[in-house]
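In: from the sequence below, what's the structure:
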Amino acid sequence: MSAQTRTFTPPAALGRIRGAALLVGVAGAVLAVIGGMADLEQFYRSYLVGYVFWLAIPFGCLGIMMLHHLTGGGWGIMIRRVLEAGARTLPLIVLLGLPVVLGLDHLYEWARPEHVAHDELLQHKAPYLNARSFALR
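Out: Model (predicted):
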């Protein structure tokens, strides 16, 4: 008896959904750029909220996957591939974090040198709270 190999062929509807999703994504990016031009500070605040929301998905998948590998039980076998796929989006999330690093002075007071110069507490925290160490972390 010979083994048959099965190949997955996506249905035609999936191609239409991908096209529509790409169109929605491009439209959202254009609207974000327009909103960023209108009020840059609000853009960075909103972007940070969305970024933290989407950052939770790969971190959550990674945490549950590590817990499964640590315990070695059979409870996570069915969801292992889904968790691995979710954790594999982490490099994309790191790339999408660049606007947060670029907009630090719009988000945090400790990233503004003129504000740090007038605040004794922020001067004391400056070795930890600065743009370079934030970007490295």
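In: which helix is the longest one in this structure?
Out: For the chain, the longest helix by residue count, based on DSSP state H, is helix 40-71.
In: list the buried residues for that one?
Out: For helix 40-71, the neighbour count (16 or more other CB atoms under 10 Å) marks 43, 44, 47, 48, 51, 55, 58, 61, 62, 64, 65, 68 as buried. For every residue, glycine as well, the C-beta is placed using N, CA and C.
In: determine which two of those are furthest apart.
Out: Using CB to CB, the buried residues of helix 40-71 span at most 38.2 Å, a distance reached by 43 and 68.
In: in this structure, which spans are helices?
Out: 12-38, 40-71, 80-87, 90-96, 98-102, 104-107, 113-116, 120-125, 131-136.
In: so can I have a markdown table of the ones you listed showing distance to residue 4 and mean pLDDT?
Out: Shown next, in a markdown table, are these (distance: least, CB to CB, whole Å; pLDDT from 0 to 100):
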| stretch | distance to residue 4 | mean pLDDT |
| --- | --- | --- |
| helix 12-38 | 24 | 89 |
| helix 40-71 | 32 | 94 |
| helix 80-87 | 22 | 94 |
| helix 90-96 | 35 | 95 |
| helix 98-102 | 46 | 93 |
| helix 104-107 | 56 | 92 |
| helix 113-116 | 67 | 90 |
| helix 120-125 | 64 | 92 |
| helix 131-136 | 52 | 89 |
